[in-house]
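>>> 3D model of this:
(chains A, B, C and D)
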4 protein chains.
Amino acid sequence: MDLARLRQEVCYVNQMLLRSGLVSMHSGNASGLDRTSGRLVIKPSGVDYEQLRPEDLVEVDLTTGQAVGGQFRPSVDLPHHLFLYRHLPDIGAVIHTHSPYATAFAAVGRPIPMCLTAMADQFGAEIPCTPYVDNQEDHIGQAILKYRNQAPAILLGNHGVFVWGPTPREALKSAVMLEEIAKTVFFAMQLGQPQLLPPQEVAKWFIRYHTTYGQQKPLES
Amino acid sequence: MDLARLRQEVCYVNQMLLRSGLVSMHSGNASGLDRTSGRLVIKPSGVDYEQLRPEDLVEVDLTTGQAVGGQFRPSVDLPHHLFLYRHLPDIGAVIHTHSPYATAFAAVGRPIPMCLTAMADQFGAEIPCTPYVDNQEDHIGQAILKYRNQAPAILLGNHGVFVWGPTPREALKSAVMLEEIAKTVFFAMQLGQPQLLPPQEVAKWFIRYHTTYGQQKPLES
Amino acid sequence: MDLARLRQEVCYVNQMLLRSGLVSMHSGNASGLDRTSGRLVIKPSGVDYEQLRPEDLVEVDLTTGQAVGGQFRPSVDLPHHLFLYRHLPDIGAVIHTHSPYATAFAAVGRPIPMCLTAMADQFGAEIPCTPYVDNQEDHIGQAILKYRNQAPAILLGNHGVFVWGPTPREALKSAVMLEEIAKTVFFAMQLGQPQLLPPQEVAKWFIRYHTTYGQQKPLES
Amino acid sequence: MDLARLRQEVCYVNQMLLRSGLVSMHSGNASGLDRTSGRLVIKPSGVDYEQLRPEDLVEVDLTTGQAVGGQFRPSVDLPHHLFLYRHLPDIGAVIHTHSPYATAFAAVGRPIPMCLTAMADQFGAEIPCTPYVDNQEDHIGQAILKYRNQAPAILLGNHGVFVWGPTPREALKSAVMLEEIAKTVFFAMQLGQPQLLPPQEVAKWFIRYHTTYGQQKPLES
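Reported below is the predicted structural model:
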């Protein structure tokens, strides 16, 4: 994905965070990385989602971590995005939100238990939760690396959510589904004790979803 | 309903799943069947609801279960739709969602108890919940047949919702009302013990709703 | 208010029930009465709110209870509207919904306790709840008369909400505020024991709201 | 900010209260103050947010508390706005709502505990709650002064929310974030005991947010 196309996609995904109810005011940010040029684009700090245009995104050099041209400052969460791109070589997008149902689990320091087939489909594992870490140095990035499992999503204790994926749209899907799942599991936990899915059942859903779902494979092959 | 009209109706109903808040991203699907031609149309897999056009729906032969022309793959849930059409000869539409309040009941393996007149109106019975079943062979369809009652709706344990009806719009109404009722009963269960309606009271509402409601009968007859 | 204007107002209020989230599909209805002509207009049964036009409303004679011309059948809840207009001579509008937070209180047969100044402003009293009654004869209307207090709103056990007022817009305001208050009190009851407002405090808010609020009195008087 | 611009900003902020879900019908109000002219503008009483135009706002003299020209009466909450402007010399905007999650904490007389980094960012402290006070004389204003902490927001027992800030948009941000935080903490309290952030951790987030966030400082300086 070239940088012009990446700006459009990352702009769209930032706007969808608002439209999907994952953020309020300026409370989240999405970025995308073009590994060929070594440049990422990220939401500028404190700018309204609705007015955001592709050219407003801040371009940042992955190696130096410095903004390249442009008139805006990057999100204050840029260091965490950089850390993830540098340590997870397969990812091309990072999203950070404080979506309320998922963040409620983070406020009590608990993972989201694996009890829904939709969760098995999308994530293939429970959503883990790190202990609280502060915003100094690489503490957030280190906690994510230490506590993540195979799911491309994690809760940060007392804080919120990070998700990642190969493209901005795939990371958006994880961010939206994470909140939808957090909401459903929250409701279930008010009704009683959700029944956990054992790993071999989780695998059945995850494998089906990641091999036969969607339009990705040519129809005639 | 001919196939061209059916495509319009099924497209509309799929889009209404999103607008009614029953699905997120691509997490549900609706189909409709024309029993004269033996063809159903169903949402393609992984396609956005907002961009969906009638011609994008996948036409499938009820007998063979194979897609007939078109450029898209059908929903991965096609086998469950086919199973229901083959075993319930009176139905013309099937909808599958993971709408969150209803799915919360499914996550704890509990039916939605019959405690509201709106539930008596629309469904005439509690909404049952199957045990968890996996996605292999006919397990989902068999569980639906085994555990359903007179209501055209059921919860699948740890999974979500299936509803059906004579037309796509009637199935949509059941899907929307099921989530509205699940929400209301969920709230009631947080406040205390909902009072159950006895069967003879349920019948009063169901019969009124299904004989005197709406505009279906000619006014001058 | 003449009948043409009344049709516009009642149509607007029916549409606002949907836009305000008080109804789903066709699950509520509003009517308005012109006492000069002795005619009321009410939502037709089973018609979508979004497509509703003023001329689609069903005109009904208050004395005979019969529809006067028009192509549509009236709401199946017409008998309860008629009963209230006949027994409450000061009212000019009636609304029936199953708005979910208020209906949750009805499902457990409990009033909404008087614990918010906004509730004192609008209603001046707790919102009472009738026992369950069926849909035969005048049972619903009789229960409303028997259990109502000074508030122009009541919960029907296992069923939903009736509100009334001098005009359709004032009844709409009560319907919207009732659900907003039910929601807030529901949340409060999950957090702990809401502090009740004593009657002399309720009076301070009710009197202020009903004497100094709004633009109803000429500014220069 | 001159008065013409202030009218536009205060009108926008009042409309955003509705669009952000903080108010229903007419249940809140925003004002802004121009300290140069000693005039504030405030929402008129009982007027719909959607139809509100900048010229409809009521201009009020800060010293006399009297409306200056115009055709509308001011919000009945004007005395509380005046009191805050007179006692908090640094503020230029006041907002009052009954947003439901925050008001639920007020209904049980409890502060919103400091357990989220987003709360540390925006407010730097827990959100305190006053005891119930009536609407006579300066009781509301006095309670706010007595119980507030460093956060530009407070809960009024059994009542609702007041927030303030240097400009209407900054007060709006506090009002929106307060409800978002109240919602998230409410959910967390249903899941378990939220982990409190100690003061030295709160300071890390508050200082970062109020020194490095946004676009306020010139990029080349």
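>>> how about low-confidence regions in chain A?
A:216-221 (pLDDT under 70).
>>> Which single residue in it comes nearest to chain C?
Among the residues of chain A, A:Q190 lies nearest to chain C; the distance is 8.8 Å by Cβ to the nearest Cβ. Every residue, glycine included, has its C-beta placed from N, CA and C.
>>> Next, count neighbours for A:R53.
11 (other Cβ atoms under 10 Å in any protein chain shown).
>>> With A:Q195 instead?
Considering only other Cβ under 10 Å, A:Q195 is surrounded by 18 other residues.
>>> my guess is it contacts B:H159, does it?
No - using Cβ atoms under 8 Å, A:Q195 is not in contact with B:H159, being 10.8 Å away.
>>> Mutual contacts of the two, please.
Each of B:Y132 lies in contact with both A:Q195 and B:H159 under the rule Cβ atoms under 8 Å, 6 or more residues apart in numbering or on different chains.
>>> Do I have it right that A:L18 meets A:V47?
No - at 11.7 Å, A:L18 does not count as touching A:V47 under the criterion of Cβ under 8 Å.
>>> Comparing these two, which shows the higher neighbour count?
A:V47 (21 against 18).
>>> so does stretch A:100-120 get close to chain B?
Yes - contact of stretch A:100-120 with chain B (Cβ under 8 Å from any Cβ of the partner chain) involves A:C115, A:L116, A:T117, A:A118.
>>> and the helix or strand hosting the residue of chain A closest to chain C, is it in reach of chain D?
A:Q190 belongs to helix A:168-191 when assigned by DSSP states H and E. Yes - judged by Cβ under 8 Å from any Cβ, helix A:168-191 comes into contact with chain D through A:F186, A:M189, A:Q190.
>>> If we only consider the residues you listed, which is nearest to chain B?
For the residues of helix A:168-191 next to chain D, the residue nearest chain B by Cβ to the nearest Cβ is A:Q190; the value is 6.2 Å.
>>> my guess is the closest one contacts B:F187, does it?
No - proximity of A:Q190 to B:F187 does not meet the contact threshold set by Cβ under 8 Å, at 9.8 Å.
>>> got the contact list for A:A118?
Contacts of A:A118 (Cβ under 8 Å, 6+ apart): A:M177, A:E180, A:I181, A:T184, B:S27, B:H98, B:T103, B:H159, B:G160.
>>> any idea which element it lies in?
Counting by DSSP H and E, A:A118 is part of helix A:117-122.
>>> How far does that helix sit from its chain's centre?
Computed by Cα atoms, centre = their mean, to the nearest Å, the chain-centroid distance of helix A:117-122 equals 16 Å.
>>> Flag every residue of chain A that's near chain B.
A:20, A:115-118, A:173, A:176-177, A:180, A:183-185, A:187-188, A:190-195, A:197, A:201, A:204-205, A:208-209, A:212-216, A:219.
>>> Which among those count as buried?
Using 16 or more other Cβ atoms under 10 Å in any protein chain shown as the burial test, the residues of chain A next to chain B include A:20, A:115-118, A:173, A:176-177, A:180, A:183-185, A:187-188, A:190-191, A:194-195, A:197, A:201, A:205, A:208-209, A:214 as buried.
>>> Using CSV, write out every CA atom in the helix or strand containing A:T103.
Here A:T103 sits within helix A:100-107, counting by DSSP H and E. The C-alpha trace of helix A:100-107 is given here as CSV (Å, rounded to 0.1, in the frame of the first residue of the first chain):
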residue,chain,number,x,y,z
PRO,A,100,-16.0,1.7,27.4
TYR,A,101,-16.9,-1.9,27.8
ALA,A,102,-13.4,-3.2,27.1
THR,A,103,-11.9,-0.5,29.3
ALA,A,104,-14.2,-1.6,32.2
PHE,A,105,-12.5,-5.0,32.2
ALA,A,106,-9.2,-3.1,32.2
ALA,A,107,-10.3,-1.0,35.2
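>>> Would that helix count as contacting chain D?
Yes - Helix A:100-107 comes into contact with chain D (Cβ under 8 Å from any Cβ), by way of A:P100, A:Y101, A:T103, A:A104, A:F105, A:A107.
>>> check contacts around the closest residue in space to A:A107 that isn't next to it in sequence.
Excluding its sequence neighbours, the residue lying closest to A:A107 (Cβ to Cβ, 6 or more residues apart in numbering or on different chains) is D:A188, at 3.6 Å. Residues near D:A188 by Cβ under 8 Å, 6+ apart: A:T103, A:A104, A:F105, A:A107, A:V108, D:C115, D:P194.
>>> Among those, which one has the most neighbours?
Of those, with other Cβ under 10 Å as the count, A:A107 tops at 32 neighbours.
>>> does that residue really touch D:L196, like I thought?
No - in this structure, A:A107 is not within contact of D:L196 by Cβ under 8 Å, at 9.9 Å.
>>> Just say helix, strand or coil for the residue nearest the centre of chain A.
The centroid of chain A falls nearest to A:V163 when counting by Cα atoms, centre = their mean (2.0 Å). Following DSSP: H, G, I helix; E, B strand; the rest coil, A:V163 is assigned to strand.
>>> Up against chain D, what does chain A have?
A:24-25, A:27, A:44-47, A:71-73, A:76, A:98, A:100-101, A:103-105, A:107-110, A:132, A:134-136, A:157-160, A:186, A:189-190.
>>> from these, which would you call buried?
Looks like the residues of chain A next to chain D have A:24-25, A:27, A:44-47, A:72-73, A:76, A:98, A:100-101, A:103-105, A:107-110, A:132, A:135, A:157-160, A:186, A:189-190 buried, using 16+ other Cβ under 10 Å.
>>> Please enumerate the strands of chain A.
With DSSP state E as the criterion, chain A has strands at A:29-34, A:39-42, A:58-61, A:93-97, A:129-130, A:153-156, A:160-165.
>>> Take those and write them to a markdown table, including distance to B:T36.
As requested, these are arranged in a markdown table below (distance: least, Cβ to Cβ, whole Å):
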| stretch | distance to B:T36 |
| --- | --- |
| strand A:29-34 | 49 |
| strand A:39-42 | 53 |
| strand A:58-61 | 58 |
| strand A:93-97 | 47 |
| strand A:129-130 | 54 |
| strand A:153-156 | 47 |
| strand A:160-165 | 45 |
